[in-house]
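Student: Predicted model and sequence follow; I will ask about them next.
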Amino acid sequence: MKNLSKLLSLTAVVALGTTSLSAMQSAPSEETAPSKTQYAETLDKTAKSVATENTTKAIDSLKSSFSGNKEASGLLSSAISSFKGGDTLKSLDNLNKLSELDLTDDQAKIVDEVKGTVSAYAMNQSFDTSDPDMSGPVNNAIAAMKTGDKDAAAKSLTEIYQMGSLSDEQKQVLQSVASDYAGVDLTKVGNAVNAAKSVKDMF
């Protein structure tokens, strides 16, 4: 009878230990969720990774076609180095200079595609697409760049530029992207809007 009691006690201890172990394994870890800053950094790295991959693929197809053309090859190399170094606007400027050269139709098309990818990344990097006031035009601009619709991109960029509370950096990005990608001078648009407001205020 004593042996039976000991056996039951031992069984109870083992069962309790197993239950405790199971509870510890199933308990949620104490790791905290990533902060908003960490989440934004992850999104930025992902966006650049995608942009780099798409740009690299397109650029690879250009390299061989530019063999023997030192000017085109030099601008292409500078665009690649600038983008990888984090200077997106300088990369875009080099791509714009490249597109102004005497290129074949296929070369011009690929350069435009690369400019669209780099421009979209620059916008994604500089603007918070979760901002309810800006999400519409910013996302529209990015979508237009990805599909090569320069007119739609110019319209959205102009709309963003006319908004208030933009930082100097954001204005610079908008001006560079609008000029190098869509061929629009936003400073002239801004001056025209200000002139119109001044005339309106007179009455």
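Tutor: All right, it came through fine.
Student: only C-alpha atoms for contact and neighbour calcs from this point on.
Tutor: Will do.
Student: Residue 57 versus residue 117, what's the distance?
Tutor: From residue 117 across to residue 57, the span is 12 Å (C-alpha to C-alpha, to the nearest Å).
Student: Tell me which of these two has more neighbours.
Tutor: Relative neighbour count places residue 117 above the other of residue 117 and residue 57, with 23 against 12, counting by other C-alpha atoms under 10 Å.
Student: ok, that one to residue 183 distance?
Tutor: 16 Å.
Student: next one: residue 148
Tutor: Using C-alpha to C-alpha, we find residue 148 at a distance of 13 Å from residue 183.
Student: Name the residue in the two with the higher neighbour count.
Tutor: The neighbour comparison of residue 148 against residue 183 (other C-alpha under 10 Å) goes to residue 148, with 19 against 15.
Student: could you pull out the strands for the protein?
Tutor: Taking DSSP state E as the criterion, the chain contains no strands.
Student: neighbours around residue 97, how many?
Tutor: By other C-alpha under 10 Å, 14 other residues sit near residue 97.
Student: residues contacting the residue nearest to it when sequence neighbours are not counted?
Tutor: Once flanking residues are discounted, residue 97 sits nearest to residue 75: 7.4 Å by C-alpha to C-alpha, 6 or more residues apart in numbering. Shown in contact with residue 75 (C-alpha atoms under 8 Å, 6 or more residues apart in numbering): 94-95, 97-98.
Student: at 10 Å what do you get?
Tutor: Residue 75 is in contact with 81, 91, 93-99, counting by C-alpha atoms under 10 Å, 6 or more residues apart in numbering.
Student: Sort out for me which of those are in helices.
Tutor: Here DSSP state H is the test, and those give 81, 91, 93-99 as lying in helices.
Student: Make a markdown table out of those residues and add distance to residue 136 and pLDDT.
Tutor: Output for the ones in helices among the contacts of residue 75, formatted as a markdown table (distance: C-alpha to C-alpha, whole Å; pLDDT from 0 to 100):
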| residue | distance to residue 136 | pLDDT |
| --- | --- | --- |
| 81 | 32 | 90 |
| 91 | 26 | 93 |
| 93 | 26 | 95 |
| 94 | 29 | 95 |
| 95 | 27 | 93 |
| 96 | 27 | 94 |
| 97 | 30 | 95 |
| 98 | 31 | 94 |
| 99 | 29 | 93 |
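Student: And the residues you listed, which is closest to residue 124?
Tutor: Nearest to residue 124 among those: residue 91, at 15.5 Å, using C-alpha to C-alpha.
Student: Surely that closest one and residue 84 touch.
Tutor: Yes: counting by C-alpha atoms under 10 Å, residue 91 touches residue 84, with 8.9 Å between them.
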